[in-house]
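In: need coordinates for the below:
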Amino acid sequence: MTKMLRHQISAVLSSPRHRQYNLLFLFSILPLFVVCLLTLPSYGSEGETETVITSDSLEYFSETKQYVGKGSVEIHQKDAVVNADEITYDEATSDVSAQGRVFYHEPDITIEAGKAKLNLESKTGRLFDAKIFYGKGNVYLWGEEIERRDENSYYSPSASFTTCDAPVPDWCFQGKNVDAVLGENLQARDASFKIQNVPVLHTPYLYSPLLRKRQTGFLLPVVSQSDTRGFGLHVPFFWAISENRDATFVLDAYSKVGIGEGMEYRFVEPHDVKGSAWAYHIRDNEANKDYWEVKGLYENRPAVGIGGFLNVNYLNEEDFYREFNTQLETRTKRYLESAGELNLPLNNSRLYLLSEYWIDLKTHTPDVAQKLPEAGYVLNYTNIGGPLVSGSLTAANMWRDGGLSAGRIDLYPKLLHSFGTDFVVTQTAAVRATEYSFYNDESDESMDGGLMRAGFEYSVVGHTRLYRKYGPFLHVIEPSVGYHYISASENDLPVFDVTDLFKRTSLFELSMLNRFITNGNEVATVRLTQDIDTYSDHPFLPLRLDVAINKGTPIVLTATYNTNTGSLETVSSEILLRIMKANVGLGQTYNRAEDIMLYKAGIEFSPTRSVNISGGIWYDAKGGGLRDLDVALRYQRQCWGLKLEMVKSPGNFTTLFTVQLAGLNSDPAVDNDKGPRKDNMMYSPSGVQ
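Out: Sure, this is the predicted structure:
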């Protein structure tokens, strides 16, 4: 490769030897210099590497083809810049020997050293008393002697690294035989973890990813303490298989319970095809039994052609979540559903084949009806010259383990028609025919055999809108009146799912909706609804109130009032408050018939930029007392973070402690319950903590 070299003329003229002849020399060479500029080839010619040297003093030795610069020396070659007090540059080999406040810079990499020997072409060499900064991962690597093996690969007999910016880092690892590939990983022997330069942990071998995106390696562990499980250690290993696939392997150790093992696999494909699989096993030595959890998800829903999904959820013991999971939403699940579907989109309709299987996590009972399987055809609303027509035809096998089961065929065509402008009337008419074939009921032989249910359905709703403007506020009133009628030949059928709730009905509905709007935004709504059942001995059903305030202090309230007994039947409310720097949520649920009175509260605030505190409480006022308490404290610095979480659940108290070190794959990105994304995947198992 051809090399071209320029140096600043002022550097030569400023040397002590020539200082007294500056003006004479300048005017004598000026004509020759102009001629050379006109005859020299362009510096931008293909294949040429331009090197520019500036310094206070610069000498050239033709025998060795070396330049020696002293005093504020700077060399530019390609995208690399070298600064030092003294530099020797070999024109033939591009070798640089620099000493005295050495600075080397190229995109994403900055090096400070007391002395350096580098090759600017191969970007290799040796660094002494050096500190390397890699901008993409905010990684610092320093040591007395570091060998640069290629553009991103470094080796040192003894070195330290961190992702902290402070002169004295909050944390660092120091090890021997350090082999680092910036942007990929680092390996070291006999490594120590230091906090403020004080050693606190030691490991004979260290392997760590060195980038803020997904990389293969161990994730930082989670330490826990539980009344029922004892001391726990959760150790995950993340495997970045490819751009669109990853896996995580989990090892859990509990001092009271035993060892748990888990594995999760995720992938995404073009056209929004994605999937995941999770399997976990733990042996409970105290209870002398094994727990298994298996989950799987696959989704492929193309706009054209056959598509579908498969969602599998299996537990061999119904109390698995209550014993081993700290998340309230998971621990209090009542049912666990598995489902799979194949569907074929057609012109404004579709064909499908569906199966559903439910596990009752509260009481192991065979009474749960399983849909194994259901095939159907669904016609979406289609215009037939004014009215809209829709319908469905389904054939299902509703099976119970040891209980009443049935084969069922259901035909349900509908007709919809609307008219009016100021007062809009919408009518729906439908007929329904359902054929049952019962089996598997040893307790009631009268249910064996077939049964036919036929019915007619009609509903009509009329509503209008009234407007009134009060300054910046717009008040909209939407009164409506409706009637729903069902005539069914059979009214006392066993219930497998919502299809069997098609019963004799004659119901009026009166509703008044108030909407408050300002600047085009709906700030509050209030709806009052009264249902009247003409088939009931007490026709006036509970009066329902729905309130939603969206601005200022958000409030959601739903309440029902029994006009016959003069008592509240249900009340459910939520309110969000902003108090100082804290977001506070309060909620309440009351059900008189079910004898339920629950209170819940949550808070989240950050007293400083580094500290975040959050918590939630769930209290049963009907005798259960404190059911759940969760408090989490997060402390986040530039290069590290801590999370301490305490969870109180019935019969157990658990403490979880997590340390996050930036850049060490402690927080690879997550997309919970949706599988991995091509650009950002993370370990997100649903198993124990």
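In: what average pLDDT does stretch 509-524 get?
Out: Across stretch 509-524, pLDDT averages out at 94.
In: now the helices for the stretch 1-150 of the chain?
Out: Assigned by DSSP state H, counting those that start in this stretch, the stretch 1-150 of the chain shows helices spanning 9-13, 22-39.
In: any idea how the protein splits into domains?
Out: Residue ranges for each domain of the chain read 1-122, 135-211, 217-661, as given by automatic domain parsing.
In: turn those into CSV, including distance to residue 129 and mean neighbour count.
Out: All C-beta atoms are positioned from the backbone trio N, CA, C, and that covers glycine. Compiled in CSV, the domains of the chain are given as follows (distance: least, C-beta to C-beta, whole Å; neighbours: other C-beta atoms under 10 Å):
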stretch, distance to residue 129, mean neighbour count
domain 1-122, 4, 15
domain 135-211, 6, 17
domain 217-661, 23, 15
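In: which of these comes out lowest on mean pLDDT?
Out: Taking the average pLDDT of each of these, the minimum falls on domain 1-122, with a mean of 72.
In: ends of stretch 589-599, what's the gap?
Out: The straight-line separation of the ends of stretch 589-599 (C-alpha to C-alpha, to the nearest Å) is 7 Å.
In: ok, the helix or strand residue 199 falls within: who's next to it in the sheet?
Out: Counting by DSSP states H and E, the element that carries residue 199 is strand 198-209. Counting by DSSP bridges, the strands paired with strand 198-209 are strand 185-195 (antiparallel).
In: circling back to that earlier point, partner strands of the helix or strand just after the strand holding residue 199, with direction?
Out: Of the helices and strands lying after strand 198-209 in sequence (DSSP H and E), the nearest is strand 217-218. Sheet partners assigned to strand 217-218 using DSSP bridges are listed as strand 230-242 (antiparallel).
In: now do the following helix or strand past the partner strand: which elements does it pack against?
Out: If you walk from strand 230-242 toward the C-terminus, the next helix or strand you reach (DSSP H and E) is strand 245-254. Of the remaining helices and strands, those touching strand 245-254 by 3 or more C-beta pairs under 8 Å, 6 or more residues apart in numbering; DSSP states H and E are strand 230-242, strand 258-269.
In: strand 245-254 versus strand 258-269: what angle between them?
Out: With axes from the mean of the first three to the mean of the last three C-alpha atoms, to 10 degrees as the basis, strand 245-254 and strand 258-269 are set at 170 degrees to each other.
In: who's in contact with strand 245-254?
Out: Strand 245-254 is contacted from outside by 214, 219, 226, 229-241, 259-267, 280, 282, 676, 681, 683, 685, 687-688, using C-beta atoms under 8 Å, 6 or more residues apart in numbering.
In: please name the strands paired to it in the sheet, noting orientation.
Out: According to DSSP bridges, the neighbouring strands of strand 245-254, each with its direction, are strand 230-242 (antiparallel), strand 258-269 (antiparallel).
In: quick one: the first one to chain centroid distance?
Out: Counting by C-alpha atoms, centre = their mean, to the nearest Å, strand 230-242 is centred 18 Å from the centre of its parent chain.
In: stretch 243-263 too?
Out: 19 Å.
In: between the two ends of that stretch, how far is it?
Out: Start and end residues of stretch 243-263 are separated by 19 Å (C-alpha to C-alpha).
In: correct me, but residue 126 touches residue 144?
Out: No: the criterion here is C-beta atoms under 8 Å, and residue 126 misses it with residue 144 at 11.2 Å.
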